[in-house]
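Q: Pasted the sequence and its predicted model underneath.
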Amino acid sequence: EHKKLDLQRINAAGKHLLSLVTDVLDLSKIESNFIELKIEEFDLNEMVREIVANVQPMVAENSNRLAVKCRNDLGIVLTDQTKLRQAALNLMSNAAKFTQEGSITLSVQRRKSQAGDWIEIQVQDSGIGIAQSDMGRLFQNFGQANRGTSTKYGGTGLGLALSQKLCALMGGGISATSELGHGSCFSIRVLAWMSERQSAYDGFSGTVPQLANA
């Protein structure tokens with residue numbers, strides 16, 4: 001039994017280290033203009049189904065309920081599916097980690113207007129929430145809401161920074177609203193139809209345009 005526990009701890013530590021190294025490498029690639037977008041056409045509803053299948057175990061781990069709000073005719077989009085999925089999964093993972101016996105809602109929609117064609121992914125939870133004084137640190141490299149968050153819940157503080165930069169490369173960003181003790185809402189907004197010109201980002205400096213709070 002002791003050996004089993006030791007192996008579980010070693011496995012968990014290995015996964016944490018791998019996650020940390022991967023996030024650092026991805027951030028380094030972005031900030032040195034070395035990361036490339038793989039622009040491809042894909043069915044947005046199919047990607048949503050994959051995200052839900054991936055996060056169900058994480059959501060259930062803390063006895064949370066998952067609700068999905070999504071039309072079944074979102075259609076075909078043209079962007080980097082892997083990076084968009086990575087950003088959405090990060091938001092879902094955070095919501096599951098910081099919520100206990102609560103609710104997590106994934107809402108996905110496509111907005112077409114004169115202003116453009118946009119994918120909007122929103123993750124709302126009823127978890128611990130974030131104090132307004134801590135909101136400014138969320139998207140900074142190695143930034144977490146506060147020291148207590150890192151101590152109690154773990155994590156590298158890289159996930160949101162990386163996700164924000166990935167979404168910036170896809171023509172958008174992530175915004176957040178929260179109330180301490182009452183949950184948070186994170187919103188991804190990226191272009192639904194990227195051209196090759198838009199995916200050429202020579203000179204990207206690592207600075208990310210912030211969206212207005214959702």
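A: Sure thing, it's come through.
Q: quick one: the strands in the protein?
A: For the chain, applying DSSP state E gives strands covering 40-43, 65-70, 76-79, 103-113, 116-125, 173-179, 183-191.
Q: Please identify the most buried of these.
A: strand 183-191 (a mean of 23; mean count of other C-beta atoms under 10 Å). Just so you know, the C-beta spots here come from the backbone N, C-alpha and C atoms, and that holds for glycine as well.
Q: elements contacting that one?
A: helix 81-97, strand 116-125, helix 159-169, strand 173-179 (3 or more C-beta pairs under 8 Å, 6 or more residues apart in numbering; DSSP states H and E).
Q: any idea which of those scores lowest on pLDDT?
A: Mean pLDDT per stretch puts helix 159-169 lowest among the helices and strands packed on strand 183-191, at a mean of 89.
Q: Among the helices and strands packed on strand 183-191, which comes closest to V52?
A: helix 81-97 (8.8 Å; C-beta to C-beta).
Q: just the CA coordinates of the closest one, formatted as PDB?
A: Below are the C-alpha coordinates for helix 81-97, written out as PDB (Å, rounded to 0.1, in the frame of the first residue of the first chain):
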ATOM      1  CA  GLN A  81      -8.000  24.000 -33.400                       C
ATOM      2  CA  THR A  82      -5.300  22.600 -31.100                       C
ATOM      3  CA  LYS A  83      -4.400  26.000 -29.500                       C
ATOM      4  CA  LEU A  84      -8.000  27.000 -29.200                       C
ATOM      5  CA  ARG A  85      -8.800  23.700 -27.500                       C
ATOM      6  CA  GLN A  86      -5.800  24.100 -25.200                       C
ATOM      7  CA  ALA A  87      -7.000  27.500 -24.000                       C
ATOM      8  CA  ALA A  88     -10.600  26.300 -23.500                       C
ATOM      9  CA  LEU A  89      -9.400  23.200 -21.600                       C
ATOM     10  CA  ASN A  90      -7.200  25.400 -19.300                       C
ATOM     11  CA  LEU A  91     -10.200  27.500 -18.400                       C
ATOM     12  CA  MET A  92     -12.300  24.400 -17.700                       C
ATOM     13  CA  SER A  93      -9.500  22.800 -15.700                       C
ATOM     14  CA  ASN A  94      -9.200  26.000 -13.500                       C
ATOM     15  CA  ALA A  95     -13.000  26.100 -13.000                       C
ATOM     16  CA  ALA A  96     -13.000  22.400 -11.900                       C
ATOM     17  CA  LYS A  97     -10.100  22.900  -9.600                       C
END
